[in-house]
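1. need coordinates for the following:
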Amino acid sequence: MQKLMAWSYSQCPDGIVSHIHQSVEGRSTLEVADVILAQRHLMVRAFSATGITIWTRNFELTKIKRKDIIWDCQGRPPYGIPFDLVSLVNRKGWQRKGEVDGALEGHEYEVYAQPKTPEICMFTHLRAWVKFLEEVLLQRPLQPEEYVFPRVGANGVVYPSDELSYDAVMKTLTWICTEAGLTARYTSHCFRRGGARYRFMFAPLGERWSLATIRWWGAWAEGESVDTLIRYLLDELTRYEKNHRDALCPIPREGDKSFNGDHILTAPITAAETRELKMSFDRELNRLSGKVEEVLDKLTLSPASSPYPLLLPSPSQPPISVQPTLHHQATYPTSLPSNAETSSTPSPPVPVDSASSPSPRIIPTLQVPPSDCHQHSHTAAKKTAPIPGVGIPDLPRGQEAWLAAVKQWEDPAASIGGKALKDWPEEWYTGPMRTITGVKRNIRKVIAIEFYRLQRDHQVFLAAYPEATRGVKPLFDAIQRQREGRGEITGRASKNGRPEVRASSSR
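-> Numbers count the residues shown, from 1 in each chain. You can find the predicted model right below:
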């Protein structure tokens with residue numbers, strides 16, 4: 001989890017998420033690439049932290065709905081420690097208890113903040129994800145029956161009434177593990193196994209759980225075979241204690257001499273351990289000193305030298321001027337210089353009295369010609385994010401798909417946005433939304449209008465278009481051919497001419 005979270009934060013730091021939230025508050029245009037980046041990382045952080053905290057199987061975690069979470073609960077007095085109450089109603093183990101009515105034991109979990117282990121802090125990561133989902137992706141609160149981990153389309157459209165599929169979970173898990181450099185294969189039980197083993201074996205002294213707590217938290221039913229617990233915990237503990245790969249280490253863990261080698265952690269410090277600790281500090285200080293020297297070497301420049309060899313202009317481009325600026329007077333312009341500023345002569349360096357002040361470190365300030373900036377603005381043009389809370393659900397497969405298309409055209413509840421597709425405002429399916437909702441809306445429109453033309457008679461419609469039993473795509477193509485034959489639309493001609501022209505030329 002530490003490697004996963006470290007890589008995730010390196011790709012999507014908190015600054016990007018804060019900038020998106022500020023853009024939403026200021027009603028600025030969002031870039032779809034930034035939104036999708038933040039969505040993927042915040043979701044996988046919340047999903048993994050939640051799974052390893054309450055030990056869910058992946059298919060159980062995808063079923064959590066907004067009604068299953070109560071925020072900002074107050075702990076027992078006199079401390080009043082805040083927590084979030086999470087209820088799980090789809091756990092496999094509880095289904096074997098045979099209870100139907102009433103509250104099932106173990107359904108509710110009090111989730112507290114875990115500042116000592118931020119990588120697995122469900123309290124932090126789940127809140128951050130739900131806040132992003134509600135304020136950015138939907139721009140409205142989640143409804144009680146909507147999923148906390150909903151399906152999200154490739155274009156960033158959220159379908160809160162559809163749960164995240166198992167295939168999507170495993171695909172996302174494989175993606176982040178591969179990118180973070182983890183080579184092991186992870187299954188649907190990885191967070192459940194990892195969470196149980198951590199609390200039983202690897203948590204700090206005084207924070208490990210008993211077998212009774214493990215059984216309750218993992219929802220293993222009373223009387224259930226102990227094989228599962230043995231496989232999850234004791235077999236792993238045995239392998240750990242019999243592992244002697246660190247026999248050459250100056251401070252071996254000696255896992256076979258006590259439970260999990262805990263005697264090493266509770267024993268008084270020895271002289272050998274003190275020497276190894278001193279050597280460890282020296283190695284870390286040497287590493288940090290080398291990094292500091294590298295940074296200083298890059299920042300300390302003579303006025304005649306340039307640290308940016310890659311920024312040298314080509315013969316066809318105007319030069320980029322580098323002016324030395326004192327570190328305590330360094331400015332970072334918020335806008336690029338105008339033509340008048342770039343055409344004027346550069347200001348002379350600020351004189352410094354070396355006798356009365358220490359030698360300043362010189363930091364370069366770049367002045368980029370306007371022509372380069374104009375060209376960069378065109379190449380850096382990015383795609384805007386979709387309108388939040390607007391989308392069209394996918395149609396089902398099979399013979400009833402065309403009826404679902406007609407329903408989405410007529411029924412406000414069948415689409416995402418609170419309006420029937422026929423009543424959508426134009427900006428919802430044109431402009432930047434054309435490739436997101438425009439094509440899907442047009443398919444529903446064509447099918448519904450043809451259904452109206454045939455007096456909304458199911459038998460007549462199916463007799464005219466038997467392709468409807470094969471799916472929406474064959475039906476849509478058949479309707480378009482009929483409309484083209486009636487002269488309502490003009491078909492798109494290929495580079496070899498229209499079909500009848502190609503047929504006559506071949507004869």
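2. where are the low-confidence patches of the chain?
-> Along the chain, segments meeting pLDDT under 70 span 90-106, 221-247, 249-267, 300-382, 491-507.
3. for the stretch 351-500 of the chain, which segments are assigned as strands?
-> Using DSSP state E, counting those that start in this stretch, the strands of the stretch 351-500 of the chain run over residues 362-367.
4. now do the helices in it.
-> 370-379, 401-410, 439-453, 458-464, 472-485, 499-506 (DSSP state H, counting those that start in this stretch).
5. what's the local residue count around Ile441?
-> Actually, residue 441 is Arg rather than Ile. 22 (other CB atoms under 10 Å). To be clear about C-beta, it is placed using only N, CA and C from the backbone, and glycine gets the same treatment.
6. could you do His21 as well?
-> His21 is flanked by 15 other residues according to other CB under 10 Å.
7. most packed of the helices of the stretch 351-500 of the chain?
-> helix 401-410 (a mean of 21; mean count of other CB atoms under 10 Å).
8. follow-up on the earlier one: so can I have TSV of the helices of the stretch 351-500 of the chain showing distance to Ser165?
-> Converted to TSV, the helices of the stretch 351-500 of the chain look like this (distance: least, CB to CB, whole Å):
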stretch	distance to Ser165
helix 370-379	36
helix 401-410	19
helix 439-453	19
helix 458-464	31
helix 472-485	20
helix 499-506	40
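9. of those, which is nearest Ser87?
-> Ranking the helices of the stretch 351-500 of the chain by proximity to Ser87 (CB to CB) places helix 401-410 first, at 32.3 Å.
10. show me what the closest one is packed up against.
-> Counting contacts by 3 or more CB pairs under 8 Å, 6 or more residues apart in numbering; DSSP states H and E, helix 401-410 packs against helix 439-453, helix 472-485.
11. angle of it against helix 472-485?
-> Using axes from the mean of the first three to the mean of the last three CA atoms, to 10 degrees, the inter-axis angle of helix 401-410 relative to helix 472-485 is 70 degrees.
12. report the inter-axis angle for helix 401-410 versus helix 439-453.
-> Interaxial angle, helix 401-410 versus helix 439-453 (the same axes, to 10 degrees): 100 degrees.
13. which residues in the stretch 51-200 of the chain form strands?
-> Using DSSP E, counting those that start in this stretch, strands in the stretch 51-200 of the chain cover 69-74, 82-87, 108-111, 150-152, 158-163.
14. now the ones you listed as JSON lines including distance to Val460 and mean neighbour count?
-> Shown next, in JSON lines, are these (distance: least, CB to CB, whole Å; neighbours: other CB atoms under 10 Å):
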{"stretch": "strand 69-74", "distance to Val460": "50", "mean neighbour count": "12"}
{"stretch": "strand 82-87", "distance to Val460": "50", "mean neighbour count": "16"}
{"stretch": "strand 108-111", "distance to Val460": "55", "mean neighbour count": "15"}
{"stretch": "strand 150-152", "distance to Val460": "36", "mean neighbour count": "19"}
{"stretch": "strand 158-163", "distance to Val460": "33", "mean neighbour count": "19"}
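15. residues near Glu145, how many?
-> 10.
16. so it makes contact with Asp68?
-> No. Glu145 is beyond contact range of Asp68, at 10.4 Å (criterion: CB atoms under 8 Å).
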